[in-house]
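whatever this is, show me its structure:
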Amino acid sequence: MRHEVTEADTAVTVGSGDVPVLATPRLIAWMEAATVAAAAPFTTAGQTTVGTALRVEHVRATRVGGRVDVFAEPPAAPGAAGRRLTFRVRAVDEAGRLVAQGEIDRAIVDRQRFLDSA
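Here you go, the predicted model:
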């Protein structure tokens with residue numbers, strides 16, 4: 001997934017800092033969106049996935065106007081319980097430099113049961 005950093009994506013705007021560069025919370029949201037797409041083949045009708053944990057290191061700043069490509073590598077198969085998925089995620093800038101990397105966990109849930117319990 002490719003994203004262009006806008007003023008709306010900066011740490012100043014989202015309240016996570018006072019510099020006009022890509023905010024870590026926005027970057028994580030982009031990474032989570034990539035895992036949602038990558039999780040689709042692991043779900044069946046009536047199921048969805050929800051985020052449960054993340055371990056992400058944001059290592060390079062990206063200015064407004066910069067582009068960031070976000071990748072989520074799905075697991076080869078669901079975990080032992082059959083409901084847990086751990087995705088390796090990374091983001092690189094237009095020069096191919098690493099912006100962030102880590103892991104995001106998602107759980108496969110029954111959509112209606114999950115909503116009923118919320």
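
gap between the closest residue in space to residue 19 that isn't next to it in sequence and residue 39?
Leaving aside its sequence neighbours, residue 19 sits nearest to residue 11 (CB to CB, 6 or more residues apart in numbering; 5.5 Å). (Glycine included, C-beta is placed from N, CA and C.) Separation of residue 11 from residue 39 (CB to CB, to the nearest Å) stands at 28 Å.

and the two? Which one has more around it.
residue 39 (24 against 18; other CB atoms under 10 Å).

can I assume that one sits in a helix?
Yes: assessed by DSSP: H, G, I helix; E, B strand; the rest coil, residue 39 belongs to a helix.

who's in contact with the closest residue to it other than its chain neighbours?
For residue 39, ignoring the flanking residues on the chain, the nearest one in space by CB to CB, 6+ apart is residue 49 at 4.3 Å. If a contact means CB atoms under 8 Å, 6 or more residues apart in numbering, then residue 49 has 35-36, 39, 42-43, 85, 106-109 as its contacts.

quick one: the strands in this structure?
With DSSP state E as the criterion, the chain has strands at 2-4, 47-58, 67-73, 84-93, 98-110.

so who does the residue nearest to residue 19 touch?
Going by CB under 8 Å, 6+ apart, the list of residues near residue 11 reads 17-24.

CSV for those residues, including pLDDT?
What follows is the contacts of residue 11, written out as CSV (pLDDT from 0 to 100):
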residue, pLDDT
17, 96
18, 97
19, 97
20, 97
21, 98
22, 98
23, 98
24, 98
